[in-house]
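Undergrad: Give me a model of this one.
(chains A and B)
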Amino acid sequence: MGHFVTSKRDFRARAHSNPLNDAEFLVPEDPCSVDWSPFIPDIGTRSIDFVDLGCGYGGLLCELSTAFPEKYMLGMEIRDRVASYCVTKLEELRRLNNGKYRNIGFIRTNCMKFLPFYFPRSSVEKFFICFPDPHFKKKKHRQRLVSLRFLSEAAYCLQPGGMIYIVTDVEELFHWMNHQFAQHPLFLKKEQHVVMQQDVLLPYLLNHTDEAQRMKRRGQETQYWNVFQRK
Amino acid sequence: MYKGTEGICASLIESHRTLPILVLVTNVGLLVFEVNSSKWSWVSKDINLMEQVVCVAISQQTAPLRLAVVTNDKRLLVFENQEDDSKDSWKLQQTRFFRKRPCAVIFSCESNSKILVADKSGLVHVISLSEESQSLPWLEQRVENEENFLSKDEDDDSCLGHYATIVAVTMSMNGEYVITGDRDNKIRVSEYPNTYNIYSFCLSDPHFFVTRIWTCVLEQEWLFSVHHNGEMKVWDWNGKLKLRHVHSAIGFLVDASYHIYDHHTVLVASIAYSCNYSWLWIVKYDSLRNEFQFKTEFKLDLPDVPSSVRFDTMGQLWFSFLKEGVGIHKVIINYEELLLNIENNSVSSNTEKNNKWNIFQLDTNSIPVKGIVGSSMDNFEAKMLWNRPKMLHDMRKKEYILEWKGKKRRTEYNL
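TA: Below you'll find the predicted structure:
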């Protein structure tokens, strides 16, 4: 394995982006007939299984790609520089490892507003929401990703029995998200110890995201996580 | 301030789904007009209110007939018809304040009907009519809620949410679905009353958004959406596009209405204007064995900027202008002739001839305005022009973002 040329240093981005902005994104008109092959070469006509909402620098999907080669995954990121970092890094990974990393892809989009434009009804198996923007100010709370209106749309895209994983290091945001999920009638909270024992994805979410590794370097330990299942 | 009848102009027309009743928002007050008997009845003579009206809705139930009005100063007013000994009288039943400016209003089809109010921030509120004395405690409750950060995002009475301003709301005929359209061009079909359960999305290019949505039953129930660039789309309930028809070079579509002629034919009338011209457009669509077809269309040049258009249940077309002298117009559509003319490819000459006797100006002298003080025409017109073209301005702004090259462009539009 050669050296990486793509470095985060070349893709400095702002930490926040306003998802309620009216900016134009080129979104597919019909979610049922989207051609994913430019982003995910191996996908063919199959549908996407895992979606990372707000994938950031895309570390999680790159790990999952080799661990679950038969699943198809998509990362969505709104910040343009971060998204272009993901794409160049993925190209480089594919070049260095022949035939691998061909089941994942990254796109730049506003996943808060345009989620149903990408996925048809009950098609997605799992959504990951890892370390979303906390938006501490009261005025900015409506820009948080997890809200009741978002959950309705996510429930529409999820298969029955599909899961949403949330991971964060901000306690206040964690309570907020739990409250939103509890209010929504279509989601059930999974017991944490059951998930701990059975779920194969959870260790990746807790240890292999960029943000989790950064926390480890800093010596921060507390991570808040939860898994919710669609009824 | 002036007295008299000459200067009546209507900013909004709304028609009942099943009864031949029209509601007119005019510069002298809110009027209900029975088409059969040409009878007028006043709902409100508050001209300050009329300047602020954004949207009007009539209840489906007839006993009692209710009217809901949402205004620019964030109010919802509900009027109720009380029929005591042959004299119709309307009474203000409920007033309610909102935190965000409401954009659309509709009555639900249940037996104990509720009002759905969509607001600027993308939420739809459900308001039940039985709780009359709720306005004050509700305000206090709101203040408490402000303290509690958890319940701040979505209000208690909200039933569904969009991320952009909601432009149009409607309900399916059987009352099982709520359909909302927003400025991202997302048309969301959600089940009612369990609105968290989304049935489908009708998605198209987010660039051109919806101006009006309605459902109509031909062989089965269809969902129609009219977009501000002149696109007319027909959807089935799974969000599948059945027909897309673009009126070429239409400018900005302001309002549209429909009339079901028989079980196979629907007529859609829309008004549009741009800098140089304004048009009334009547299009005929056919549905045969669940396939939709565009049949004929017919275009009429209008002398002035139109503001609203509606079919009543009898199949007459009503449209209004903002200008004082032009007033409210009525078109009686002679279907056979209209269709014949178009099929013979002699549209322009024949329809012009027909128009001369087919268009009537409404006889405003029949409106009992004795002793009523209307608002000054200039003032009213200014307000009305501010209401709708402001919306158009916003639409255009969104369109301009496409050509945006990193610098903010402020362009004055001649409307």
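
Undergrad: starting at the chain centroid, how far to the biggest helix by length in chain A?
TA: Longest helix in chain A by number of residues (criterion: DSSP state H): helix A:80-96. Distance of helix A:80-96 from its chain centroid, counting by C-alpha atoms, centre = their mean, to the nearest Å, is 16 Å.

Undergrad: what helices or strands is whichever helix or strand comes after that helix leaning on?
TA: Downstream of helix A:80-96, the next assigned helix or strand under DSSP states H and E is strand A:104-108. Using 3 or more C-beta pairs under 8 Å, 6 or more residues apart in numbering or on different chains; DSSP states H and E as the contact criterion, the elements in contact with strand A:104-108 are helix A:59-67, strand A:73-77, helix A:80-96. For every residue, glycine as well, the C-beta is placed using N, CA and C.

Undergrad: could you give the angle of strand A:104-108 to strand A:73-77?
TA: Angle, strand A:104-108 to strand A:73-77, by axes from the mean of the first three to the mean of the last three C-alpha atoms, to 10 degrees: 20 degrees.

Undergrad: partners of strand A:104-108, with directions?
TA: Paired strands of strand A:104-108, with direction, are strand A:73-77 (parallel) (DSSP bridges).

Undergrad: quick one: average pLDDT of the partner strand?
TA: The pLDDT scores in strand A:73-77 average 93.

Undergrad: what about dumping the CA coordinates of that strand to PDB?
TA: Listed next in PDB are the C-alpha coordinates belonging to strand A:73-77 (Å, rounded to 0.1, in the frame of the first residue of the first chain):
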ATOM      1  CA  MET A  73     -23.200   2.400   1.000                       C
ATOM      2  CA  LEU A  74     -23.600   6.100   0.300                       C
ATOM      3  CA  GLY A  75     -22.200   9.000   2.200                       C
ATOM      4  CA  MET A  76     -23.900  12.400   2.100                       C
ATOM      5  CA  GLU A  77     -22.200  15.600   3.000                       C
END
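
Undergrad: Same question for that strand: list its buried residues.
TA: Neighbour counts over strand A:73-77 (16 or more other C-beta atoms under 10 Å in any protein chain shown) mark A:73-77 as buried.

Undergrad: which residues are contacting that strand?
TA: Here strand A:73-77 makes contact (C-beta atoms under 8 Å, 6 or more residues apart in numbering or on different chains) with A:36, A:39-40, A:48-56, A:58, A:60-61, A:64-65, A:83, A:86, A:103-109, A:111, A:118.

Undergrad: Report the contact partners of the single nearest residue of chain A relative to chain B.
TA: Taking C-beta to the nearest C-beta as the measure, chain A has A:R149 as its residue closest to chain B, at 3.1 Å. Going by C-beta under 8 Å, 6+ apart, A:R149 touches B:122, B:154, B:160-163.

Undergrad: From these, which land in helices?
TA: Among the contacts of A:R149, no member falls in helices (DSSP H).

Undergrad: Please convert the residues you listed to CSV, extending it with distance to B:L300 and neighbour count.
TA: Supplementary listing: those in CSV, determined by distance: C-beta to C-beta, whole Å; neighbours: other C-beta atoms under 10 Å in any protein chain shown:
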residue, distance to B:L300, neighbour count
B:G122, 36, 24
B:E154, 45, 17
B:L160, 38, 26
B:G161, 40, 27
B:H162, 35, 22
B:Y163, 38, 22
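
Undergrad: Dihedrals phi and psi, residue 48?
TA: Because you didn't say which chain, this covers chain A. Taking degrees, to the nearest 10, you get phi -80, psi 140 for the backbone angles of A:I48.

Undergrad: wrong one, chain B
TA: Dihedral angles for B:N48 - degrees, to the nearest 10 - are phi -60, psi -30.

Undergrad: Please apply the same query to B:S257.
TA: phi -150, psi 170.

Undergrad: before we move on, back to that, nearest to chain A among the contacts of A:R149?
TA: Checking these against chain A with C-beta to the nearest C-beta, the nearest one is B:G161 at 3.1 Å.

Undergrad: Report whether the residue of chain A closest to chain B is found in a strand, as I expect.
TA: No. A:R149: not assigned to a strand; according to DSSP: H, G, I helix; E, B strand; the rest coil it is helix.

Undergrad: How about the longest strand along chain A and chain B, any contact?
TA: Criterion DSSP state E: the longest strand present in chain A is strand A:158-168. No. Strand A:158-168 lies apart from chain B when judged by C-beta under 8 Å from any C-beta of the partner chain; the minimum separation is 11.1 Å.

Undergrad: Give me the buried positions along that strand.
TA: Neighbour counts over strand A:158-168 (16+ other C-beta under 10 Å) mark A:158, A:162-168 as buried.

Undergrad: immediately after that strand, which helix or strand?
TA: With DSSP H and E, the next secondary element past strand A:158-168 is helix A:171-183.

Undergrad: could you check the angle strand A:158-168 makes with that following helix?
TA: On the basis of the same axes, to 10 degrees, helix A:171-183 is oriented at 160 degrees to strand A:158-168.

Undergrad: got the contact list for helix A:171-183?
TA: In contact with helix A:171-183 (C-beta under 8 Å, 6+ apart) are residues A:129, A:132, A:134-136, A:141, A:144, A:146-148, A:151, A:164, A:166, A:168, A:187, A:189, A:222, A:224, A:226, A:228, B:149-150, B:153-154.

Undergrad: Among the residues you listed, which lie within strands?
TA: Using DSSP E, those in strands are A:129, A:164, A:166, A:168, A:187, A:189, A:224, A:226, A:228.

Undergrad: so how many other residues sit close to A:K216?
TA: Neighbour count of A:K216, defined by other C-beta atoms under 10 Å in any protein chain shown: 12.

Undergrad: re the thing from before, now for the longest helix of chain A, which elements pack on it?
TA: helix A:59-67, strand A:73-77, strand A:104-108.

Undergrad: Lovely, talk soon.
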